[in-house]
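Chemist: here are the coordinates; sequence isn't available:
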């Protein structure tokens, strides 16, 4: 069975999220909005969007962070009977014309995690672009593999059963560290992954919740923790890959 939906974590993106929802609905996807403790103005916009029969709204009274909101959305998608979930940001930076190709790949390979690797235009902040390369190296070390092309792109389709099994058995970071950590941990479990390009644009008036110092420190701490976790699991990781 292949029954996909979309999960959109939202924190004060009331200006951009209506267009994201409209594009996903036109493709035919049911949308699960996760209000991650947004302002009253954003909450009101989300309430109006949820009046559509194919939009479900989950409200978190306190901001949990992007990862926490995504995990809540994944659980809700499972509860509603979906088999796969597209994670997409609410800020409109992803080119949603690429959604169809991701859904087609997921339909052909339902056991695989379909991941986006970004194709940036000139709008990308150079500081964030260069910082990604350091994360790439850490992810390759911690996953003992070069298969993860970009762990920070929040555009991917999860097969829900293996992802929920991981979430139920491990304590994952709830903020900007989530996107990278979940891919590394899934790679330890030999989760199949496939990679497709996704066009990314950073609007000049776009709202970003990435905190340069705090989130970079959080991500660095995650990489260090994952490195020692990899060392502990090294025999079992290599054994699984040898058997595969």
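Modeler: Looks like it came in fine. As the structure is a prediction and not an experimental result, all values here were calculated from the model.
Chemist: count the neighbours of residue 10 for me.
Modeler: Residue 10: 28 surrounding residues under other CB atoms under 10 Å. Placement of C-beta: from N, CA and C, glycine included.
Chemist: contacts only, for the residue nearest to it when sequence neighbours are not counted.
Modeler: Of all residues beyond its chain neighbours, the one nearest residue 10 is residue 90 (4.4 Å), with distances taken as CB to CB, 6 or more residues apart in numbering. Applying CB atoms under 8 Å, 6 or more residues apart in numbering to residue 90 gives the contacts 8-11, 13, 16-17, 20.
Chemist: SS state for residue 90?
Modeler: Look at residue 90: counting by DSSP: H, G, I helix; E, B strand; the rest coil, its state is coil.
Chemist: neighbours around residue 192, how many?
Modeler: Considering only other CB under 10 Å, residue 192 is surrounded by 15 other residues.
Chemist: which SS state does residue 102 fall under?
Modeler: Under three-state DSSP, residue 102 comes out as helix.
Chemist: hmm, it is touching residue 157, no?
Modeler: Yes - with contact defined as CB atoms under 8 Å, residue 102 and residue 157 form a contacting pair (5.6 Å).
Chemist: and for these two, which residues touch both?
Modeler: Contacts common to residue 102 and residue 157, judged by CB under 8 Å, 6+ apart, are 86, 114.
Chemist: give the buried residues for stretch 51-63.
Modeler: 55-58, 60, 63 (16 or more other CB atoms under 10 Å).
Chemist: CSV for those residues, including secondary structure, distance to residue 115 and pLDDT?
Modeler: Converted to CSV, the buried residues of stretch 51-63 look like this (DSSP: H, G, I helix; E, B strand; the rest coil; distance: CB to CB, whole Å; pLDDT from 0 to 100):
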residue, secondary structure, distance to residue 115, pLDDT
55, strand, 25, 97
56, strand, 24, 98
57, strand, 27, 98
58, strand, 24, 98
60, strand, 25, 96
63, coil, 26, 93
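Chemist: can you redo those as CSV with distance to residue 69?
Modeler: Listed next are the buried residues of stretch 51-63 as CSV, based on distance: CB to CB, whole Å:
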residue, distance to residue 69
55, 16
56, 14
57, 12
58, 8
60, 7
63, 8
